[in-house]
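One predicted model, sequence on top.
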Amino acid sequence: MPINIDDLNETELLDLNRRIVARLRFLAQMRAHTEMLAFRMGERVLFQPEGRSPATGMVTRYNKKTVTVITEEGQQWNVSPQFVRKVKAGASAEPVREKVIRLK
């Protein structure tokens, strides 16, 4: 259903513009949210920071448009989910140390 904008006055055009921008932002947030749900909290992931070597870490938080990843070096990164990849089990160069103390 096409909209004839030639018949709209300035106030109506400004309102239409505001509503279009709001709708586009909503669609972008929904797309980012859908991408984020591909990752579970605590899941090991890999991403490539610009100008650096690839980093592996763990997803610790969902943000509005990004996921927070804590790297193995202890750095915190907010990364767009489109740049994050899942790490397959056993793909890490270093073995994961178990942090469980066995009690009698």
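Sure, I can see it.

Do you know the pLDDT at the nearest residue to residue 16 once chain neighbours are set aside?
The spatial neighbour of residue 16 that comes closest, neighbours along the chain excluded (CB to CB, 6 or more residues apart in numbering), is residue 8 at 6.7 Å. The way it works is simple: take the backbone N, C-alpha and C, and place the C-beta from them, glycine included. Here, the pLDDT recorded for residue 8 equals 91.

pretty sure residue 8 contacts residue 17?
No. With contact defined as CB atoms under 8 Å, residue 8 and residue 17 do not form a contacting pair (10.3 Å).

So these two - more neighbours on which side?
The neighbour count for residue 8 versus residue 17, taken as other CB atoms under 10 Å, is higher for residue 8 (13 against 10).

Now the more buried one: phi and psi?
Per-residue torsions, residue 8: phi -90, psi 140 (degrees, to the nearest 10).

From residue 35, how far out is the closest residue in space to residue 87 that isn't next to it in sequence?
In space, and not counting its chain neighbours, residue 87 is closest to residue 44: 4.2 Å by CB to CB, 6+ apart. Applying CB to CB, to the nearest Å, the value for residue 44 to residue 35 is 17 Å.

what does residue 57 give?
Distance, residue 57 to residue 35, by CB to CB: 17 Å.

which of those two has more neighbours?
Per other CB under 10 Å, whichever of residue 57 and residue 35 has more neighbours is residue 57, with 23 against 16.

a helix runs through the more buried one, doesn't it?
No. The assignment for residue 57 (DSSP: H, G, I helix; E, B strand; the rest coil) gives strand, which keeps it out of a helix.

how about the helices in this structure?
Per DSSP state H, the chain has helices spanning 10-36. These are given in chain order.

pLDDT below threshold where in this protein?
Within the chain, the stretches falling below the threshold (pLDDT under 70) are 90-102, 104.

repeat that with 90
Filtered on pLDDT under 90, the chain yields the residue ranges 1-5, 28-39, 49-53, 62-66, 72-73, 80-82, 87-104.
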